[in-house]
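[1] Give me a model of this one.
(3 chains)
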Amino acid sequence: MKIAGIVALVAIALAPFLSTSQAVANMALLAALAVAGGQAWNIAGGFGGMMSFGHVAFFGVGAYTTAILQTRYGVNPWLTLPIAGAIAAAVGFIISWCCSRAGLQGSYFALVTLAIAEAFRILANSLDFTRGGLGISLDLNLAASNFQFSDKRVFYAVALIVALAATLVCWWITRSRFGARLIAIRENPDAARALGVDVSLTRAGALALSGAVTALTGVIYAQVFLYIDPNIAFGVWRSVDMMLVALVGGSGTIVGPIIGGLVLHLLSEGSRELIDIPGFAPALYGIVLLLIIGLLPGGFARLRHA
Amino acid sequence: MWELLFPAVLNGILLGGVYALVALGLTLIYGVLHIVNFAHGTLLMIGMFMVWLLAAKMGIDPYLALPVVTLAMGALGWALYTGLIGPVSRGEDKMLLLATLGVSILFDNGMMVAFSGDTRSIETAHSFSTVDIGPALVPVTKLVSFGFAVVVAGALWAFIALTETGRAIRAVAKEADGARLMGIRPARMYAVAFAVGTACTGAAACLLLPSFYVNPGVGNVFILIAFTIVVLGGMGSFVGAAFGALLVGVIESLGGLFLGESLGPILVPLTFIAVLLFRPNGLFGRS
Amino acid sequence: MVKLNRRQFVATGAAVLASPGILRAEQAPIKFGLVHPVSGALSFSGSQCRLGGVLAIKHINDAGGIKALGGAKIDALLGDAQSRPEVGASVVEQMAEQKVVGFTGSYSSAISLATTQAAAKYDIPFCLDGPTAQLITERGLRNTFRFFPTNATLVDDALRSLDALNKSAGSPAKTAILVHEDGEFGTNTAKLLSSKLPGINIEVRELIAHATPTRDFSNIALRIKAAAPDMVIITNYTNEYVLLNRTLVQQKVNLVAVFSVSGAGFNLKFVKDQPTIASGIIDFNNWYNPKDSRSAKFRAEIETKGEPFTWEALHGYFAVRLLADAIERAGSTDKNKVIAALETSTFSDHFMPYGPTKFVAGQNQGARMVALQAQDGDIKVIAPAEFAEAKAIFPRHPLK
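    Next up, the predicted model:
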């Protein structure tokens, strides 16, 4: 059963490479980014129980890091990937550490992350360093060495690798001692502490990992669309999207965000095609969320157990 | 710059009065019952559309529409909780948060479909009346909002502290199972709190529209401010929220004055983060 | 030989011509892709652009389609960018695969940057409607054309008109404060304005930037009042435009004029719903040429759809007309030929206040905005003189 599922997923993942349609490649790319983002959120939010409402902060850090490094310092875009990941990891670590020190968890944590993302947006909008509201435009320079490709299938491949990496991290969490500690903290922080688990450190590690992966999606976005501004990089709806992918698919599972990303992306593309009323598709998201919470609180991945 | 200090502080206080109106309802829902109500801004927006429709299509002055809109919004809050949010979330904290998020996504976009994204505003008889206070020209609409915020804060305090329903809500907030043993139905109390909180946003909408505008995104402009005020005031304290609102208004006003209107707005999320990190019980909360 | 009288001859001829497949081959319709944000925050303006575009296609089809292609009709593929650049780009990709021969779009600068770039990969001609950012046509994408003005010429023209208005009133405006939103549009425009205003003898006292959204303008109004300039020059978006002007009236800030450059909040709805606030505001923006009789007819036709007329509808309309005209000139839908036709286009069958088109690097050199003023619940063109339909009220009537 599991093997069949894996084979199916691999087939779905590889299918876009067979098509020469750039529209299909584009759809696949956006779906892969959605899965990657959701899986990244899942690391901290699903396995760690740290429900973050401000994950777009990491996305924006990734996007702006690559944009600034390229336009101001001429750094090669490929090199910005690890740098962006490292910076986002540091940011995630600090945020989590401070929250742990202040005893913030649950809905308080959610709101603080929302406020942090908003603060980042305002900073990006007012500082000269980020070119304020003007945003940053990257020069079109199609070359593999420059991390820009005319065939979107290559971008899709990169996004797929990031999504795969995020999934592997989640798999590792279910197999490792770090993961065991993290899950124990999610279930009962006080008991975990009593057992000698360093709650603050573990949580900080989880948010750092989660942030790093999210930042990679930000770098890819910047390379594909070649223009970012404070709203694109730090808009709150992107946080909601990431969270929904994990929740709808099944947070705290390995395969959940994959299902969630596919379902939600297909939903948004499909509803745009089928229903001609403008704005209906995003409204549908709200309905889907409510249905999932009400009928499938564990998400699609837990359907077997429901 | 410094000669503008007094008017800026005064502006901030009056702005705080407006913010208090928006935040008081949330104080009940989030502060007392710990429901992170993501739909709060959306509900404010719906209230404002209601007021706008009454004013633009039927010529009813927003202030006169107060009783109607307040009651209608209260009914909407009740219906939303008992019909949608409650059943969907089954009362669990994490699920409640997501359920209100779902409601906000649904209605934000639904209203966008129904009314399209453009901005609408109205002119009323008192839109431009002002009163001299020292060197400042204070708009009457803001004074009325301020006065009303005080009234609403007092009314909510009385409701929670003095009435039986209020005591029941507090009991549920403290210890739901114990309350159930006393014959109180937690689900019903959540619904009542949600209804009353939403009714407050209805009142806020009536007082806000004459000096503001309405479009499907207008609620989101206030939501972070509302949460900041609730935690600053100390989760569940209406007096605290009222003072918190004034403080936030002044902080925002002075921030704009000294940091510029571009960077100035950062003080609100920074205040929120600072309060949660260093003084989570807020200014007036119980330790 | 049967002699047909004239009437019978014509009737027979018409019958023959009308029967399909006899004298003309039916031409397959060609597809235009219209990509705009018709949902989300920008839905109103995006819908207006779409409305104009759809009307243009209807006019062209009703007049017999593209004659150079044997009367081929245009099929409109309508895409929703959902107010997000990446969605706009996705829609472009899909339409490219559906073999559209050209695109129009996409109202906002951020979305247009993404959609034109996506179209550039297929080298499909793209006629812009809406955005004023120079960057879009300065990136070197050969498929992108803009019939309408950009920020580059906008400021010079606005100041020329302002100077004319000022001088003919005896130069009552000598000082100004600039209020702008802190994004690309506001910041760039304000910077340009402040460097050139001294050139028309107006001293710039202060530049005040503000965020979008800004909930309250009392402090800014106070700063303005304290500085007591003759004019306030505004560049910001709709919500803040309304709030700022309302606060200025409320705080009884008396000014010679309120002048906005490409004011997003200045439109017929604002003028009708907020007569006290709007009256006398001058906006330098897109509009039709009121002296051309086709303008009034077009405006009436748009207004039968239920909404007051907006310049976005004009943009949507002429972006399509430009594209169709280029296909006529090229005599083909071949991408290279259409792009070449656009590059050398001299499209003049329009009622905008510009002459025939002349494109340099995709930008129509002759495109201009005009000065509009809210008068008596309507919007009137007051400058430049060759297009003016009403006399300017300058200085504006003092506040009561």
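[2] Now do the strands in the stretch 101-250 of chain B.
    B:130-133, B:136-139 (DSSP state E, counting those that start in this stretch).
[3] is the last one up against chain C anywhere?
    Which is strand B:136-139. Yes. Using C-beta under 8 Å from any C-beta of the partner chain, we find that strand B:136-139 touches chain C at B:136-137, B:139. Bear in mind the C-beta positions are built from the backbone N, C-alpha and C, glycine included.
[4] Pull the contacting residues for residue 126.
    I'll assume chain A. A:132, B:260, B:262-263, B:266, C:182, C:211 (C-beta atoms under 8 Å, 6 or more residues apart in numbering or on different chains).
[5] my bad, the chain I had in mind was chain C
    Counting by C-beta under 8 Å, 6+ apart, C:Phe126 has contacts C:102-105, C:115-116, C:119-120, C:143-145.
[6] How much space separates it from C:Phe394?
    39 Å (C-beta to C-beta, to the nearest Å).
[7] Looking at C:Asp273 now. What's its pLDDT?
    Turning to C:Asp273, the model gives it a pLDDT of 84.
[8] Same check on B:Arg286?
    Confidence score, pLDDT, at B:Arg286: 54.
[9] what's the closest non-adjacent residue to A:Val158?
    A:Ile220 (6.0 Å; C-beta to C-beta, 6 or more residues apart in numbering or on different chains).
[10] Can you list the residue ranges for strands in chain C?
    For chain C, the strands defined by DSSP state E cover C:30-36, C:74-80, C:102-106, C:126-129, C:144-146, C:175-181, C:203-210, C:231-235, C:257-261, C:282-285, C:359-360, C:363-364, C:370-375, C:378-383.
[11] Please convert those to a markdown table, extending it with mean pLDDT.
    Shown next, in a markdown table, are the strands of chain C (pLDDT from 0 to 100):
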| stretch | mean pLDDT |
| --- | --- |
| strand C:30-36 | 96 |
| strand C:74-80 | 93 |
| strand C:102-106 | 95 |
| strand C:126-129 | 96 |
| strand C:144-146 | 96 |
| strand C:175-181 | 94 |
| strand C:203-210 | 93 |
| strand C:231-235 | 95 |
| strand C:257-261 | 94 |
| strand C:282-285 | 94 |
| strand C:359-360 | 92 |
| strand C:363-364 | 94 |
| strand C:370-375 | 94 |
| strand C:378-383 | 94 |
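[12] Out of those, which is closest to A:Leu226?
    strand C:144-146 (14.1 Å; C-beta to C-beta).
[13] and the closest one with chain A, contact?
    No. Contact of strand C:144-146 with chain A (C-beta under 8 Å from any C-beta) is absent, the minimum separation being 12.3 Å.
[14] starting at the chain centroid, how far to that strand?
    13 Å (C-alpha atoms, centre = their mean, to the nearest Å).
[15] re the thing from before, export the strands of the stretch 101-250 of chain B to CSV and append columns for mean pLDDT and mean neighbour count.
    Below are the strands of the stretch 101-250 of chain B laid out as CSV (pLDDT from 0 to 100; neighbours: other C-beta atoms under 10 Å in any protein chain shown):
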stretch, mean pLDDT, mean neighbour count
strand B:130-133, 84, 12
strand B:136-139, 82, 21
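[16] and the residue of chain B found nearest chain A, how many neighbours?
    The nearest approach of chain B to chain A comes at B:Leu106, 2.9 Å away (C-beta to the nearest C-beta). Burial measure for B:Leu106: 22 neighbouring residues, criterion other C-beta atoms under 10 Å in any protein chain shown.
[17] Let me know whether it touches A:Ile287 as I believe.
    Yes. With contact defined as C-beta atoms under 8 Å, B:Leu106 reaches A:Ile287; the gap is 5.9 Å.
[18] which one is A:Ala90 nearest to, not counting chain neighbours?
    A:Ala90 sits nearest to A:Ala208 (C-beta to C-beta, 6+ apart), 7.2 Å away.
[19] And that neighbour, how far from chain C?
    27 Å (C-beta to the nearest C-beta, to the nearest Å).
[20] quick one: contacts for that residue?
    Contacts of A:Ala208 (C-beta under 8 Å, 6+ apart): A:88-90, A:92-93, A:96.
[21] So how do I select the buried members of those in ChimeraX?
    Command for ChimeraX, covering only those of the contacts of A:Ala208 found buried under the criterion 16 or more other C-beta atoms under 10 Å in any protein chain shown:
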select /A:88,89,92,93,96
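[22] Could you dump the contacts of A:Ala208 into JSON lines and include pLDDT and secondary structure?
    Formatted as JSON lines, the contacts of A:Ala208 follow (pLDDT from 0 to 100; DSSP: H, G, I helix; E, B strand; the rest coil):
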{"residue": "A:Ala88", "pLDDT": "97", "secondary structure": "helix"}
{"residue": "A:Ala89", "pLDDT": "97", "secondary structure": "helix"}
{"residue": "A:Ala90", "pLDDT": "97", "secondary structure": "helix"}
{"residue": "A:Gly92", "pLDDT": "97", "secondary structure": "helix"}
{"residue": "A:Phe93", "pLDDT": "97", "secondary structure": "helix"}
{"residue": "A:Ser96", "pLDDT": "96", "secondary structure": "helix"}
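[23] now for the contacts of A:Ala208, which pair is the farthest apart?
    A:Ala88 and A:Ser96 (12.3 Å).
[24] Run a quick neighbour tally on B:Leu259.
    For B:Leu259, using other C-beta under 10 Å, the count is 14.
[25] so who does the residue of chain A found nearest chain C touch?
    Chain A approaches chain C most closely through A:Gly133 (3.1 Å), counting by C-beta to the nearest C-beta. By C-beta under 8 Å, 6+ apart, A:Gly133 lies in contact with A:125, A:229-230, C:181-184, C:186-187.
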